[in-house]
Structure formats: structure tokens, C-alpha cells
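>>> Sharing a model that was predicted from the sequence below.
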Amino acid sequence: MHGPRAWRVAAIAWTLVVIVFGALPTHGAVHAIAAGHDDLAASAAHFGEYALLAFVTAVALGGWPVSPRALLWAGVYAIGLGALIELVQVPLPYRDGQLSDVVVNAAGAALGLALVSLTGRLRARRPRERRG
């Protein structure tokens, strides 16, 4: 992706995806796809979606290289959103908010932040003429 605007659009779009899938009744779809491994599939989905959310949000907030401040706020945002969605799920009859999901979301966000930090360091090592 090129330019800060593209990263902001990606962060907003992915946030909307996370919110929509956090509120919709998705248990049936997960059950159909996971063939009896529902908990593992749901945890993997949570982990991945919050890793991506933290990654794109950090770049959207700070550009390249990603600043420590952008990493901090992206982490607060991703973990906070994950916790808020789990709270919203508690009264919904077709969802169940769980503390374990908050932990998995936070772990995914941490991985996303680590990957964006590593990517920034690798980008900084490349010679300028090769950047595109």
C-alpha cells in the first residue's frame, strides 16, 4: 500500500469488518466451516483479525517508520475495541462475550504490533533506491 491515506482507509475498513463480525450471529458459519473445531477456529479468527487491526492502525497513525507513540495508540485502540465488542456481545442472545476472547484479541494485537515494528526496522535497513 502506498501513502498514508491508503493505510487510514485500510484501518477504517478493517475496523468496520471487525465490528460487523463482532455483532453478527456467526456461530453457525464457524461451526459449518470448522467441522467440530469451533473454539480453535474462532480463536484463530480473533487472533488474526486483531493482529491485522493493530498492524494497519499503527501504520495509519504513524506512517513508516512507525513511531513508538503510534504503536502504543494502535495497541490501546485494538485491545480496547476487542474488549468493547466482547462487552457488547454479553446481552446478545446469539453471541457470548468472553474474557478469553479479550485475551486472544490482545495477543493478536501484540503480534500485529511486533510485526509492524519488525517490518519498519527491515524497511529502514533497505537502501532508499529499492523502496517503492
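Ah, there it is.

>>> Tell me if I'm right that Ala70 and Gly62 touch.
Yes. With contacts counted by Cβ atoms under 8 Å, Ala70 reaches Gly62, the gap being 2.8 Å. For glycine as for every other residue, the C-beta is placed from the backbone atoms N, C-alpha and C.

>>> any low-confidence regions in this structure?
Applying pLDDT under 70 to the chain picks out residues 1-2, 26-38, 128-132.

>>> Report the buried residues of the longest helix along it.
Assignment by DSSP state H gives helix 99-125 as the longest helix of the chain. By neighbour count on 16 or more other Cβ atoms under 10 Å, the buried set for helix 99-125 is 101-102, 104-113, 116-117, 119-120.

>>> wait, which of those residues is closest to Val18?
Asn105 (9.2 Å; Cβ to Cβ).

>>> Tell me which residues touch the residue lying closest to that closest one once chain neighbours are set aside, please.
Nearest in space to Asn105, with sequence neighbours left out and distances taken as Cβ to Cβ, 6 or more residues apart in numbering, is Gly82 at 3.2 Å. When contacts are counted by Cβ atoms under 8 Å, 6 or more residues apart in numbering, Gly82 touches 46, 50, 101-102, 105-106, 109.

>>> how about those residues, which pair is most distant?
Among the contacts of Gly82, Asp101 and Ala109 lie farthest apart (Cβ to Cβ), at 12.4 Å.

>>> just checking, Gly97 touches Gln89?
Yes. Counting by Cβ under 8 Å, Gln89 is a contact partner of Gly97 at 3.7 Å.
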